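Student: coordinates only, sequence not included:
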């Protein structure tokens with residue numbers, strides 16, 4: 001192990017504690033007092049023989065041995081209990097790192113356990129960070145005192161030089177020349193900052209923030225299409241990490257692991273991943289837990305380590321939920337950059353919705369007023385976060401005493417003092433009013449007041465039970481806490497079984513703290529009757545951690561950068577979130593890598609990682625399916641079959657997630673003759689014994705159900721084509737329909753032949769009739785006088801017109817053929833529709 005700070009150790013002045021369960025059933029521990037060095041790897045060898053425990057500590061040229069004997073033998077059972085190195089939920093651990101560990105049961109042979117390259121690089125990185133912190137502190141102190149830094153181009157008077165010679169030599173510079181040379185890039189940055197007219201505060205946090213902002217604005221090329229992290233910028237980014245910026249270590253790790261602007265260096269990426277997690281930064285902890293849960297980027301798949309990282313983040317998420325008014329928290333909003341409808345909703349729809357809500361709120365609609373207050377409180381849907389304004393809205397609605405939910409919301413703000421001065425007396429009065437109006441959550445809040453403020457356990461449990469019976473998840477969790485602490489009146493001591501049941505019920509309803517407790521029982525397996533399932537614990541905590549408000553703030557910042565067109569700045573934010581394992585951020589990172597024309601490896605890295613999540617986005621599954629299918633054409637033999645199988649797996653997972661495109665792709669593969677696995681067939685309630693058309697129809701029907709109603713979609717067209725083909729095959733088996741088909745074809749041919757004759761007859765009849773009409777109609781000069789050019793003409797003699805002449809026999813035959821053809825075609829179409837439908 002390597003200690004980096006003794007302030008976080010539970011032992012003082014230094015030492016290690018070992019706790020074990022004895023055969024008598026007791027839990028005993030002892031502390032080995034020792035003075036341990038910082039930033040030095042220490043090897044620990046602990047051996048247990050019956051009741052004797054021997055602990056050996058060695059580093060460099062030093063070694064110490066401690067021996068302790070318990071009152072009875074240590075309990076040995078591989079199937080009972082668990083081994084923990086470090087802290088637990090009952091005891092804080094060291095502030096540092098544990099290296100590779102080897103556990104063995106029998107024998108006294110010395111165990112070989114080499115340290116490896118990554119721990120050694122980790123030690124060097126911490127030494128450099130210590131040097132950076134010392135140098136920065138000395139520089140800031142010099143600036144605060146007004147000491148000259150490096151005077152350049154300054155001529156001193158001759159008499160001043162003589163006067164200084166008579167004084168005792170004094171060096172104003174408190175840092176060494178070697179440090180200045182090693183950290184020359186940082187020194188130049190600090191010097192430019194000190195020479196600025198307004199430099200601002202010189203704390204480590206402020207300097208770390210400025211360094212991070214400086215690097216992220218300059219790490220892209222001028223055309224924003226390439227990431228160029230020069231050695232100087234890399235040094236400044238590492239300095240930002242050493243000064244405690246929450247995202248700097250994660251960004252350095254991302255650059256090394258993803259090979260952004262430089263070759264991939266997994267060992268260096270591991271170093272900064274560990275350093276970020278050691279700083280207790282939420283995104284860095286999620287990043288390390290994600291890598292260990294999936295075994296990515298050279299990290300070993302270790303669910304126990306993943307659980308410890310996610311448990312830390314989830315616990316911080318529970319605490320963050322109690323402080324939602326902080327500026328660096330936002331609700332995680334799922335907006336995909338390749339979804340134009342979602343982007344339009346963010347850009348335009350938000351303003352339209354706000355106008356609509358404000359209009360309804362002005363008319364007195366309580367729900368609209370509550371929604372506006374909630375959006376202002378959390379900063380949702382494009383609304384700027386304004387806690388004070390939200391509190392004013394809540395107060396205005398609550399004091400009308402007409403809505404129980406609004407009264408409860410404002411009472412909770414008063415109870416906790418969030419955005420308003422704490423007033424528990426007024427809060428209790430409002431909560432009792434909300435209870436009278438039927439608020440279940442107000443019952444739980446009053447129970448919390450009696451438990452925390454009045455210290456009246458029996459009254460608190462009464463309120464919790466009433467609220468739990470009405471479905472309050474908070475009340476169910478609180479009852480579980482009382483069972484766990486042995487304070488429930490129905491228990492005789494601690495009742496972990498009853499507590500676990502309460503925690504499980506509340507966790508299923510989405511309670512954050514209950515999910516943390518359930519995950520602990522699943523990860524340790526200490527409760528009898530609860531099977532140990534570390535992977536399920538990791539999944540629960542990962543889901544909870546992805547609700548963290550600081551993660552939502554980073555996503556919000558990236559989206560705000562993307563909408564005006566700052567693609568490069570948006571990519572940095574999405575990359576940080578993508579490395580935590582958030583599928584939304586991975587999909588958006590892949591989209592931006594493609595949009596900015598980065599290397600294909602950047603796009604496929606995050607597209608591939610997005611499908612490894614427990615709940616992957618359908619867009620990533622479809623892209624990976626298309627990738628596997630397209631590359632299968634260039635492969636051959638077994639490799640091609642494997643790629644097709646992977647494509648089928650991706651499409652089927654997308655279909656299960658509700659993607660119609662996934663169903664359509666599966667149908668296309670089945671139509672091409674590719675056999676679908678039994679698991680995919682079960683998704684559509686068919687088996688390998690069914691006809692291929694049955695499978696196709698089931699898939700396309702599912703696809704049509706997923707698509708929007710009333711639209712002509714690819715799936716509906718494909719389904720229509722399939723049914724027409726099926727109808728044609730059924731008709732081909734019936735002699736009557738075959739005869740009808742041939743007759744319809746012959747009739748079509750006959751119509752094609754006789755149509756020219758019909759046109760001739762129509763033209764021949766029309767011309768004589770036209771001439772007759774023109775001759776029978778009197779002209780103007782026939783009635784008024786002689787024609788202009790000749791003698792007068794006589795009009796048609798009066799009397800009845802002659803009857804029209806009868807059509808010739810050939811024309812009657814043509815009309816008969818057309819009539820018969822139409823009848824046959826109608827019969828054929830009717831038969832076809834009958835078979836289709």
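Tutor: Sure thing, it's come through. Note that this is a predicted model, so its numbers are computed, not measured. Numbers count the residues shown, from 1 in each chain.

Student: mind checking the backbone torsions on residue 284?
Tutor: Here is the backbone geometry of residue 284 (degrees, to the nearest 10): phi -70, psi -40.

Student: could you do residue 54 as well?
Tutor: Per degrees, to the nearest 10, the backbone of residue 54 is at phi -120, psi 130.

Student: go ahead and confirm it touches residue 69.
Tutor: No: the pair residue 54 / residue 69 is not scored as a contact, 9.9 Å apart, by C-beta atoms under 8 Å. The way it works is simple: take the backbone N, C-alpha and C, and place the C-beta from them, glycine included.

Student: tell me which helix or strand residue 425 sits in.
Tutor: helix 424-436 (DSSP states H and E).

Student: what's the answer for residue 63, then?
Tutor: With DSSP H and E as the test, residue 63 turns up in strand 62-69.

Student: what strands line up against that strand, and which way round?
Tutor: Counting by DSSP bridges, the strands paired with strand 62-69 are strand 52-59 (antiparallel).

Student: give the rounded mean pLDDT of the partner strand.
Tutor: Averaging pLDDT along strand 52-59 gives 89.

Student: I'd guessed residue 555 sits against residue 584; true?
Tutor: Yes: under the criterion of C-beta under 8 Å, residue 555 makes contact with residue 584 at 7.5 Å.

Student: find residues that contact each of those two.
Tutor: residue 577 (C-beta atoms under 8 Å, 6 or more residues apart in numbering).

Student: residue 32 should be in a strand, yeah?
Tutor: Yes: counting by DSSP: H, G, I helix; E, B strand; the rest coil, residue 32 falls inside a strand.

Student: residues in contact with the closest residue to it other than its chain neighbours?
Tutor: Nearest non-adjacent residue to residue 32, counting by C-beta to C-beta, 6 or more residues apart in numbering: residue 66, 3.9 Å away. With contact set as C-beta under 8 Å, 6+ apart, residue 66 has these partners: 32, 34, 54, 55, 56, 57.

Student: just the helices in the stretch 501-650 of the chain please.
Tutor: 512-524, 534-545, 549-562, 567-578, 583-595, 600-610, 618-632, 638-656 (DSSP state H, counting those that start in this stretch).

Student: how about the contacts of residue 66 in TSV, adding neighbour count and distance to residue 185?
Tutor: Output for the contacts of residue 66, formatted as TSV (neighbours: other C-beta atoms under 10 Å; distance: C-beta to C-beta, whole Å):
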residue	neighbour count	distance to residue 185
32	20	43
34	15	39
54	14	49
55	19	44
56	14	43
57	20	39
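
Student: for these, work out which two are farthest apart.
Tutor: Longest distance between any two of these is 14.0 Å, between 34 and 54; criterion C-beta to C-beta.

Student: do you know how far residue 288 is from residue 88?
Tutor: From residue 288 across to residue 88, the span is 19 Å (C-beta to C-beta, to the nearest Å).

Student: settle it for me: which of those two has more neighbours?
Tutor: Counted by other C-beta atoms under 10 Å, residue 288 and residue 88 do not tie: residue 288 has more neighbours, with 28 against 13.

Student: return the residues in contact with the residue lying closest to residue 338 once chain neighbours are set aside.
Tutor: Distances taken as C-beta to C-beta, 6+ apart place residue 591 nearest to residue 338, at 5.0 Å, with adjacent residues excluded. Contacts for residue 591 (C-beta under 8 Å, 6+ apart) come out as 336, 337, 338.

Student: which SS class is residue 376?
Tutor: Under three-state DSSP, residue 376 comes out as helix.

Student: tell me the pLDDT at residue 457?
Tutor: Looking at residue 457, its pLDDT stands at 90.

Student: which residues touch it?
Tutor: With contact taken as C-beta under 8 Å, 6+ apart, residue 457 is in contact with 451, 482, 487.

Student: which of those residues count as buried?
Tutor: With burial judged by 16 or more other C-beta atoms under 10 Å, the buried subset of those is 451, 482.

Student: any chance of JSON lines for the contacts of residue 457, columns secondary structure?
Tutor: Conversion of the contacts of residue 457 to JSON lines gives the following (three-state DSSP):
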{"residue": "451", "secondary structure": "helix"}
{"residue": "482", "secondary structure": "helix"}
{"residue": "487", "secondary structure": "coil"}
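
Student: mind listing what's buried in whichever strand or helix holds residue 136?
Tutor: Using DSSP H and E, residue 136 maps to helix 117-145. Neighbour-count burial for helix 117-145, counted by 16+ other C-beta under 10 Å, picks out 118-119, 121-123, 125-126, 128-129, 131-132, 135-136, 139-140, 142-143.

Student: ranges for the strands of this protein?
Tutor: All strands of the chain, identified by DSSP state E, fall at 2-3, 15-21, 27-33, 43-49, 52-59, 62-69, 96-97.

Student: measure residue 264 to residue 602 for me?
Tutor: On the measure of C-beta to C-beta, residue 264 and residue 602 end up 12 Å apart.

Student: list residues touching both of those two?
Tutor: Joint contacts of residue 264 and residue 602 (C-beta under 8 Å, 6+ apart) are residue 258.

Student: more crowded one of the two?
Tutor: Higher neighbour count among residue 264 and residue 602: residue 602, with 22 against 15, using other C-beta under 10 Å.

Student: what about residue 587, distance to residue 611?
Tutor: Distance from residue 587 to residue 611, by C-beta to C-beta: 10 Å.

Student: neighbour count winner among those two?
Tutor: Neighbours of residue 587 and residue 611, each counted by other C-beta under 10 Å, are more numerous for residue 587; the result is 28 against 23.

Student: wait, that one touches residue 620, no?
Tutor: Yes: using C-beta under 8 Å as the test, residue 587 is close enough to residue 620 to be in contact (5.3 Å).

Student: any chance of the helices of the stretch 501-650 of the chain in JSON lines, plus distance to residue 5?
Tutor: Formatted as JSON lines, the helices of the stretch 501-650 of the chain follow (distance: least, C-beta to C-beta, whole Å):
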{"stretch": "helix 512-524", "distance to residue 5": "26"}
{"stretch": "helix 534-545", "distance to residue 5": "25"}
{"stretch": "helix 549-562", "distance to residue 5": "23"}
{"stretch": "helix 567-578", "distance to residue 5": "25"}
{"stretch": "helix 583-595", "distance to residue 5": "31"}
{"stretch": "helix 600-610", "distance to residue 5": "33"}
{"stretch": "helix 618-632", "distance to residue 5": "40"}
{"stretch": "helix 638-656", "distance to residue 5": "45"}
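
Student: so which of those helices is nearest residue 28?
Tutor: helix 512-524 (19.5 Å).

Student: angle of the closest one against helix 534-545?
Tutor: Using axes from the mean of the first three to the mean of the last three C-alpha atoms, to 10 degrees, the direction of helix 512-524 lies 160 degrees away from that of helix 534-545.

Student: helix or strand with the lowest mean pLDDT in this structure?
Tutor: Ranking every helix and strand in the chain by mean pLDDT, DSSP states H and E puts helix 780-784 at the bottom, with a mean of 42.
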